[in-house]
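Colleague: For reference, the sequence and a predicted model appear below.
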Amino acid sequence: MGKRGRAAVVVLGDIGRSPRMQYHALSLARQTFLEVDIVAYGGSEPHISVLEHQSIHIHKMPQWPTLPRLPELLRPLFLMLKPIFQFFVLLWYLCVKIPAPDVFIVQNPPSVPTLVVVKFASWLRHSAFIIDWHNFGYTLLALSLGRSSLFVAIYRWIEKGCGKMAHGSLCVTKAMQHELSQNWGIKATVLYDQPPEFFRPASLEEKHSLFCRISKHINEPYGRRDCVSNVHVAGSAGPQNYDPSVIPFTTKVGTDIFLKQNRPALVVSSTSWTPDEDFGILLEAALMYDRRVAALLGEDDKTGDEICWDEKQFAYPRLLFIITGKGPQKEKYEQKIRKLNLKRVAFRTMWLSAEDYPLLLGSADLGVCLHTSSSGLDLPMKVVDMFGCGLPVCAVSYSCIKELVDVEKNGLLFSSSSELADELMMLFEGFPEKCNALKSMRSNLMERVSSVRWATTWEEHAKPLITEVIAENYT
């Protein structure tokens, strides 16, 4: 049997929210000249470069239906039926629907039923089988069931067994590579996440254009007027109107665009709104920043007077936190934001297109990452994207995060809301001209922005493994 010139990228999840697997597909098509079939769920749109590539074909599987709240007695039954449904749908797509590939590259987690189906399909279709380990599936299951659960033990056994049957493995950190080698008997190649070429610092024109496109979201506060909105409230229950031409960050005079000196500092965080990211830390830090600045400036928050931000420059700026992402706890935290009485801090939540998200990161002043790894062995890809845009980051500290964040060189680490508030105070003092620590970290990032990219790293680490695995499968 000769080589088929095809690869299959398998994700039992939303392909639009699986950037690393999108980048695998692009590299397979561009750097190995293979036809690529992506088998995944729909939901969010992938990047336009994936959609428009003639050698990439996306196959969207039907999903398990969202059901209304069920009686407690029926919940275990439906929990058992869901993986069975997923098993047969994935089996149909991998064994029948798509052309037989030379290699399957599958994202883990989720492990069940994904790894079982891919292993069977690779055997049936005489294809090679590579796992890209993003994390350990059993550790995610343990977040809800506990480490001592029998289901977690069974899940780990399946994950480990299928992992050892793969023809090759990629993983995201050296810490995970060591764990796979020492405790699982699996040899894995480290492929660090790196930003693709479209994650880069934004030009002034791109910033202004983006802010104009999202001005409605920026200018409309949660409930009452805040320090960033230009909303004029007609009455306690009246309509809210805003001027879309007024943007807090940039201004256009004729054909020239300028950054406003009294603009708020733009802080961006991307979250999946799940329990493994404690968004409460960010809310508490924002409240602390608000109160500490008031104390330093001798202001009395009890008066209820609005601060006139257009009249003078302040030692500490307003902060606008833009939180991107979708997830189950979003509404819960939006309700908490509405109850905060903040004068110097504002929050906005939004979902951006795959094209606008890099522009937002490239326009921001600081990134915040709340990711805490369930295994302690993976790294947050959102931080990689921020670094690609030259954006310094404050990130939650955990065991292997220093493989990515070089403290005081490209970012800072924190373990509590108080520490994060301290860092916000330190980094933004004298913003925008005199914040030397923030400028230094951005300068360090800018020096390496163009030198380390996904395509280069993939060519060096992933391509040799994939080529070798395919060749061995045909010998």
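Modeller: Here it is on my side, so go on.

Colleague: Let me know the secondary structure of I105.
Modeller: Secondary structure of I105, reduced to three states by DSSP: H, G, I helix; E, B strand; the rest coil: strand.

Colleague: Same question for the one 5 residues further on.
Modeller: Counting by three-state DSSP, the backbone at P110 sits in coil.

Colleague: which residues does it contact?
Modeller: Residues touching P110, when contacts are defined by CB atoms under 8 Å, 6 or more residues apart in numbering, comprise 12-13, 137, 140. Every C-beta, even on glycine, is put in place using the N, C-alpha and C of the backbone.

Colleague: ok, how many other residues are close to T457?
Modeller: T457: 18 surrounding residues under other CB atoms under 10 Å.

Colleague: That one: helix or strand, and which one exactly?
Modeller: helix 454-457 (DSSP states H and E).

Colleague: what do you get for K216?
Modeller: helix 215-219.

Colleague: re the thing from before, out of the contacts of P110, who's the most crowded?
Modeller: Neighbour counts for the contacts of P110 (other CB under 10 Å) peak at L12, which has 25 neighbours.

Colleague: For my notes, confirm it occurs in a strand.
Modeller: Yes - following the definition three-state DSSP, L12 is counted among the residues of a strand.

Colleague: in terms of contact, does it touch A40 like I think?
Modeller: Yes - taking contacts as CB atoms under 8 Å, L12 lies within contact range of A40: 7.5 Å.

Colleague: thinking again about what came up before, CA atoms only: put the helix holding T457 into CSV for me.
Modeller: Taking C-alpha atoms only, helix 454-457 is exported to CSV below (Å, rounded to 0.1, in the frame of the first residue of the first chain):
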residue,chain,number,x,y,z
TRP,A,454,4.9,28.2,15.3
ALA,A,455,6.0,27.3,11.8
THR,A,456,9.7,27.3,12.8
THR,A,457,9.1,25.2,16.0
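
Colleague: Can you list the buried residues in it?
Modeller: By neighbour count with 16 or more other CB atoms under 10 Å, helix 454-457 contains the buried residues 454-455, 457.

Colleague: Stretch 14-31 too?
Modeller: For stretch 14-31, by 16+ other CB under 10 Å, it's 14-30.

Colleague: so what's the residue nearest to L91 when sequence neighbours are not counted scoring on pLDDT?
Modeller: Spatially, and ignoring its direct neighbours in sequence, L91 is nearest to V117 (5.2 Å; CB to CB, 6 or more residues apart in numbering). What the model reports for V117 is a pLDDT of 97.

Colleague: Kindly report the same for R75.
Modeller: You'll see R75 listed with a pLDDT of 69.

Colleague: heads up, I number from 58, so please use that
Modeller: Done: numbering now begins at 58, and the last item shifts to R132.

Colleague: quick one: low-confidence ranges for the stretch 158-307 of the chain?
Modeller: Counting by pLDDT under 70, the ranges of the stretch 158-307 of the chain that qualify are 279-282, 287-302.

Colleague: Strands along that one, start to end?
Modeller: Under the criterion DSSP state E, counting those that start in this stretch, the stretch 158-307 of the chain carries strands at the ranges 160-165, 185-190, 225-228, 246-247, 289-290, 297-298, 307-310.

Colleague: Relative to the fourth one, what are the paired strands and their orientations?
Modeller: Partner strands for strand 246-247, per DSSP bridges, with pairing direction: strand 225-228 (parallel).

Colleague: Now do the buried residues in the strand it pairs with.
Modeller: Residues of strand 225-228 classed as buried under the neighbour-count rule (16+ other CB under 10 Å) are 225-228.

Colleague: Could you dump the contacts of P167 into TSV with distance to V464 added?
Modeller: As requested, those are arranged in TSV below (distance: CB to CB, whole Å):
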residue	distance to V464
L69	36
G70	32
G194	31
L197	28
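
Colleague: Just give me the closest of the residues you listed to S420.
Modeller: Ranked by distance to S420 (CB to CB), the contacts of P167 are led by G70 at 28.3 Å.

Colleague: Verify the contact between that closest one and Y98 for me.
Modeller: Yes - the pair G70 and Y98 passes the contact test of CB under 8 Å, sitting 6.0 Å apart.

Colleague: can you confirm N398 is in a helix?
Modeller: No - according to three-state DSSP, N398 belongs to no helix; its state is coil.

Colleague: If I look at it, what pLDDT would I see?
Modeller: The pLDDT attached to N398 in the predicted structure is 81.

Colleague: go on, K387?
Modeller: The predicted local confidence for K387 is 82.

Colleague: Nearest residue to it in space, ignoring adjacent ones along the chain?
Modeller: Nearest to K387 is W330, by CB to CB, 6+ apart, at 4.4 Å.

Colleague: Next: C219.
Modeller: Among residues not flanking C219 along the chain, L172 sits closest, at 3.6 Å (CB to CB, 6+ apart).

Colleague: correct me, but the one you found touches G220?
Modeller: Yes - with contact defined as CB under 8 Å, L172 counts as touching G220 (7.0 Å).

Colleague: shared neighbours, these two?
Modeller: When contacts are counted by CB under 8 Å, 6+ apart, L172 and G220 are jointly contacted by 165, 188.

Colleague: What is the three-state secondary structure of the most centrally placed residue in the chain?
Modeller: Note on the chain: the residue nearest the mean C-alpha position is K439, at 4.0 Å, using CA atoms, centre = their mean. Applying three-state DSSP to K439 yields a three-state assignment of helix.

Colleague: got a pLDDT number for the nearest residue to it once chain neighbours are set aside?
Modeller: The spatially closest residue to K439, leaving aside those adjacent along the chain, is S327, at 4.5 Å (CB to CB, 6+ apart). At S327 the predicted local confidence, pLDDT, stands at 88.
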